[in-house]
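# predicted model, plus sequence, below.
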Amino acid sequence: MGYLKKKTGVYYLINAVLVFLLFFVLLNLINNRIINRTSTQILTLICINIILAVSLNLVTGVLGQLVLGHAGFMLVGAYTSALFTMNIGLDLKIAFPISLVLAGLMAAVFGVIIGIPALRLKGDYLAIITLGFGEIIRVIANNLKITNGAMGLSGIKSLSTTKNPSPMFIYAYALAALTVFLMFTFGRSRHGRAVIAIREDEIAAESMGINTTYYKLFTFVLAAFFAGVAGGVFAHQIGVIDPSKFDFNRSVEILIMVVLGGMGSITGSVISATVLTWLPEQLREFSKYRLLVYSIILILVMLFKPSGLLGRYEISIPKFLDKLFARITKKTAKTKTGGA
Amino acid sequence: MDFFNHIINGLGLGSIYALVALGYTMVYGIVKLINFAHGDIIMVGGYMVYLIMVKWGLPIWLAVPASIVICAFTGMLVERVAYRRLLVHNAARISLLITAMGVSIFLQNAFMLIFGTDPKSMPPLFQAEPFKLGSFELASTTVINIVVSVIMMIGLNLLVNKTKIGKAMIATSEDSSAAKLMGINTNRVISFTFAIGSALAAVAALLYCNTYPQIKPSMGNLLGLKAFVAAVFGGIGSIPGAMLGGYLLGVIESLTKAYVSTTLTDAVVFGILIIILLVKPAGILGKNRKEKV
């Protein structure tokens, strides 16, 4: 017997309270300069990587398809949003949110274009076609005039200033929280259950009347959308983008966050995105060996724990509290009976 | 005449794709795995030649067989260390793919650390005068590429269709559990397939170094990707299909370079992959299932 009766509602409430609490603590620390500029940047990058990892986890973990070009969607989003805010002439406070929506939509359009041929078929075509997409989109960005070729775009204005260091973090944090929430509810929705059915057995799902192509495409495009949004935030956070920032290694970094955290575990992705963004910043002198270590970890995890470290397990603080309460009440009940 | 010249050049380039595509298609036919590390085997082959010829200054007749043997062993080693456990346990496809990806990243970064990231230039391997047919002139590299790839294909066809191990390969690809029941050691067959595929990749590496005398750790990426497109184009799992796809892709690339745009050739190749998957996912010779290995 659990301590809390209407569990799901209360769980959501507790989680929401915790997310807000963490937000206000971090915000106050940033605004009072206790967390310095560099650390604020790292915090923002963590939030961006959480969006990327959680959205990739949707395709890799929930749908069970490998995507090797997540950075490609990020590139599309980053350039779309940067070009929009640079050329539209609106106030950045208004232009930035619009540009993020546009970034997501543009990435989603690309998702549809490459998703349709790859996802109509059974098998691993999505992996290779997204790998190709990630490489080609970079070649194209390198050769177009509007993207300014290999030089990239510079002078993208950030909302954060020395006087007010927090706006980018607020956006990134809010979007990360929103992404996590949406992915979590998606997994428990009608769509999510259909997608899980496809992962488990495509033929059986199809014979149950699930339109496999539609659901596969839907999931993939949703992930592309969020990668585009993350790209938009990323562009405005760092201010200078060029195609080499979105290369294959970037896709691999996102993939390893998902694999390490657990394919299908959203909390796992959040934790590993946090650790794998923060740790390399602390270990700069080892950056030469980073990808070598990543690749060895990838192989070892696949060989010995193919579903990732957390598997599909979700860490839940409300559940933990629930158990804790249950134990305390049990103990007090015991002492009462013992005393009588 | 220019047009004809571009086609011949395309065939020369296509020979390299065809040899690499053979490795993809053989491995895919037998274990249904897109072996991402295959492109990097080419890189290993290139660096082995560089190491033996340039660094150690040994003659070419030693470097060529040595790099082929080393590549074959690398392929077998990769299969043994990274894939065997997953194949035996019938692991999810996505685990195999991620492992393959991991091997690819590992090979690239290991070679980057050993040899450095900067491209290394190679000496010309096989020198010959350009061939002349009347007013028509052919670069020796193109002729060598085409001749070697055709010889390799004939050899592979003989190996697959006439020898015992070749027949075991066909049996394993058609139904591996039935093949096991017939007394075929499927693990050995898989290992052998990786060895042959990697040896062909080494030959492709030699031709590549001869044609474009430069190597770098990431050279296998795009080359591997294009070869995979070639394999899908011709019909993945089919050996003649891989050859045909390779030649066609080479010709298309050469014509695009000549008449459309030099910078967008890669995008065109990728566009071809999308169109094939939309129109004829089985590839040109894909129906030919009995040829599958």
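Ah, there it is.
# not counting sequence-adjacent ones, nearest residue to B:Leu244?
Closest residue to B:Leu244 apart from its sequence neighbours, by CB to CB, 6 or more residues apart in numbering or on different chains: B:Gly234 at 4.6 Å. The way it works is simple: take the backbone N, C-alpha and C, and place the C-beta from them, glycine included.
# give the contact list for that neighbour.
B:21, B:25, B:240-246, B:248, B:283-285 (CB atoms under 8 Å, 6 or more residues apart in numbering or on different chains).
# need those in a markdown table with pLDDT, can you?
Putting the contacts of B:Gly234 into a markdown table (pLDDT from 0 to 100) gives the following:
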| residue | pLDDT |
| --- | --- |
| B:Ala21 | 95 |
| B:Thr25 | 92 |
| B:Pro240 | 89 |
| B:Gly241 | 90 |
| B:Ala242 | 91 |
| B:Met243 | 92 |
| B:Leu244 | 93 |
| B:Gly245 | 94 |
| B:Gly246 | 94 |
| B:Leu248 | 93 |
| B:Gly283 | 83 |
| B:Ile284 | 83 |
| B:Leu285 | 82 |
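# which of the residues you listed ranks first by neighbour count?
B:Ala242 (36 neighbours; other CB atoms under 10 Å in any protein chain shown).
# distance of that residue from A:Ser81?
Distance of B:Ala242 to A:Ser81, computed by CB to CB, to the nearest Å: 42 Å.
# next: B:Ala91.
Counting by CB to CB, the gap from B:Ala91 to A:Ser81 is 39 Å.
# what does B:Ile196 give?
B:Ile196 is 49 Å from A:Ser81, by CB to CB.
# my guess is B:Ala171 contacts B:Ser177. True?
No. In this structure B:Ala171 lies outside contact range of B:Ser177 using CB atoms under 8 Å: 10.8 Å.
# the two - which one has more neighbours?
When B:Ala171 is set against B:Ser177 and neighbours are counted by other CB under 10 Å, the residue ahead is B:Ala171, at 18 against 9.
# got the buried residues for the helix or strand the more buried one falls within?
Taking DSSP states H and E as the criterion, B:Ala171 maps to helix B:164-174. For helix B:164-174, a neighbour-count test (16 or more other CB atoms under 10 Å in any protein chain shown) marks B:Gly166, B:Ala168, B:Met169, B:Ile170, B:Ala171, B:Thr172, B:Ser173 as buried.
# mind checking pLDDT for the residue nearest to B:Leu244?
We have a pLDDT of 89 for B:Gly234.
# which helix or which strand is home to residue 229?
Since you didn't name a chain, this refers to chain A. Assigned by DSSP H and E, A:Val229 falls in helix A:212-238.
# my question was about chain B, not that one.
Assigned by DSSP H and E, B:Val229 falls in helix B:219-234.
# more neighbours, B:Ala91 and A:Ser81?
A:Ser81 (32 against 16).
# that one reaches A:Gly232, doesn't it?
Yes. Using CB under 8 Å, A:Ser81 makes contact with A:Gly232 at a distance of 3.3 Å.
# give me the common contacts of those two.
In contact with both A:Ser81 and A:Gly232: A:Ser99, A:Leu100, A:Leu102, A:Ala103, using CB under 8 Å, 6+ apart.
# any idea of the angle the host helix or strand of B:Ile114 forms with helix B:219-234?
Taking DSSP H and E as the criterion, B:Ile114 maps to helix B:93-115. Angle of helix B:93-115 versus helix B:219-234, following axes from the mean of the first three to the mean of the last three CA atoms, to 10 degrees, is 140 degrees.
# average pLDDT for the following helix or strand past helix B:93-115, rounded please.
Downstream of helix B:93-115, the first helix or strand assigned by DSSP H and E is strand B:120-121. Strand B:120-121 carries an average pLDDT of 88.
# before we move on, back to that, what about the helix holding B:Ala171, near chain A?
No. Helix B:164-174 does not reach chain A (CB under 8 Å from any CB of the partner chain); its nearest approach is 15.5 Å.
# and the helix or strand just after that helix, C-alpha only, in CSV?
Scanning forward in sequence from helix B:164-174 by DSSP H and E, the next helix or strand is helix B:176-181. C-alpha atoms of helix B:176-181 as CSV (Å, rounded to 0.1, in the frame of the first residue of the first chain):
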residue,chain,number,x,y,z
SER,B,176,21.8,-19.8,-40.5
SER,B,177,20.1,-22.1,-38.1
ALA,B,178,19.5,-24.7,-40.9
ALA,B,179,23.1,-24.3,-41.9
LYS,B,180,24.2,-25.0,-38.4
LEU,B,181,22.1,-28.2,-38.4
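# tell me the residue of the stretch 151-293 of chain B that sits nearest chain A?
B:Leu277 (4.0 Å; CB to the nearest CB).
# gap between the residue nearest to that residue when sequence neighbours are not counted and B:Ile274?
The shortest distance from B:Leu277 to any non-neighbouring residue, by CB to CB, 6+ apart, is to A:Pro117 (4.0 Å). Applying CB to CB, the value for A:Pro117 to B:Ile274 is 5 Å.
# equivalent analysis for A:Asn15, please.
Here the criterion is CB to CB. By it, A:Asn15 lies 41 Å from B:Ile274.
# same check on B:Ile215?
Taking CB to CB, one finds B:Ile215 at 30 Å from B:Ile274.
# who has more neighbours out of the two?
The residue with more neighbours, out of B:Ile215 and B:Ile274, is B:Ile215; 23 against 18, by other CB under 10 Å.
# for chain B, what is the nearest residue in the stretch 51-200 of chain A?
A:Pro117 (4.0 Å).
# what stretches of the chain score poorly on pLDDT?
In the absence of a named chain, chain A is used. A:1-6, A:123, A:334-340 (pLDDT under 70).
# chain B, not that one
Using pLDDT under 70, chain B drops low at B:1, B:134-135, B:287-293.
# quick one: contacts for A:Glu135?
A:Gly69, A:Phe248, B:Asn221, B:Leu222, B:Leu225, B:Asp266, B:Phe270.
# an error on my part: the question was meant for B:Ala178.
B:Ala171.
# check for me that A:Pro306 belongs to a strand.
No. Applying DSSP: H, G, I helix; E, B strand; the rest coil, one finds A:Pro306 to be coil, outside a strand.
# now do the contacts for it.
Here A:Pro306 is in contact with B:Leu86, B:Ala91, B:Ala92, B:Ser95 (CB under 8 Å, 6+ apart).
# recalculate using a threshold of 10 Å.
Residues in contact with A:Pro306 (CB atoms under 10 Å, 6 or more residues apart in numbering or on different chains) are A:Val259, A:Met263, B:Arg85, B:Leu86, B:His89, B:Ala91, B:Ala92, B:Ile94, B:Ser95, B:Leu96, B:Ile98, B:Thr99.
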